[in-house]
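# Can you look at this prediction? I've put the sequence above it.
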Amino acid sequence: MRIAVAADSLDGVAARIVGELRERGHEVVTHGALNEAERDDWAWACEAAARDVAEGRAEQAVVCCWTGTGASIAANKVRGVRAALCADGARRWNDANVLALSLRVVSEPLLKEILDAWFAGTASTDPADVANVEHLET
Ligand SMILES: O=C(CO)[C@H](O)[C@H](O)COP(=O)(O)O
């Protein structure tokens, strides 16, 4: 899978995310502090990763800032993106296509668990769940 990853700093598990995804066989596109050619402020970096998903250059994205909050806000302003701030059930109930992480809170062991759960998860096909997700596009 092609995955866009954005972070506003190299603190915490930021660089580890890229390594973990590559070890799982994914192709990674980097933004922000992970890409020296780009602006590293969270509002710009996380929007760029979200646009990769919305415009078909990536299937999923992982966006990070210190709290994860700004990352999720920046990603969710992009139409077609459903960013979840590291929340239980995000893939199944919300068909989320962007994972937002807090670099402050997430340890390396927790990062591995989150990435395993995220990429093993699939969206619910229950009509009520599908209707909720479709309504987000309207
Ligand atoms: O969590 C964040 C935004 O939600 C930022 O990572 C945090 O505010 C730090 O930003 P900066 O390094 O630019 O001061």
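Received the coordinates, thanks. Numbering: from 1, shown residues only.
# Helix or strand with the lowest mean pLDDT in the protein?
Among the secondary structure pieces of the chain, namely its helices and strands, helix 90-94 has the lowest mean (mean pLDDT, DSSP states H and E), a mean of 66.
# so what does the following helix or strand past that helix touch, helix or strand wise?
On the C-terminal side of helix 90-94, the nearest following helix or strand under DSSP states H and E is strand 98-102. Using 3 or more C-beta pairs under 8 Å, 6 or more residues apart in numbering; DSSP states H and E as the contact definition, the elements that strand 98-102 packs against are helix 42-54, strand 60-65, helix 69-76, strand 83-85, helix 108-120. C-beta: built from backbone N, CA, C; applies to glycine.
# Now do the helix or strand harbouring N132 and helix 69-76, the angle between them.
In the assignment (DSSP H and E), N132 maps to helix 127-136. Relative orientation of helix 127-136 and helix 69-76, computed by axes from the mean of the first three to the mean of the last three C-alpha atoms, to 10 degrees: 80 degrees.
# Looking at helix 127-136 now, give me its mean pLDDT.
pLDDT averaged over helix 127-136 equals 83, rounded to a whole number.
# Kindly provide the distance from the one residue in the chain that gets nearest to the ligand to T138.
Nearest residue of the chain to the ligand, counting by C-beta to the nearest ligand atom: G70, 2.6 Å away. In this structure, G70 lies at 26 Å from T138, with C-beta to C-beta, to the nearest Å as the measure.
# More neighbours: those two, which one.
With other C-beta atoms under 10 Å as the criterion, G70 and T138 differ in neighbour count, and G70 comes out ahead with 19 against 4.
# Could you pull up the contacting residues of that one?
By C-beta atoms under 8 Å, 6 or more residues apart in numbering, G70 lies in contact with D8, W42, A43, C46.
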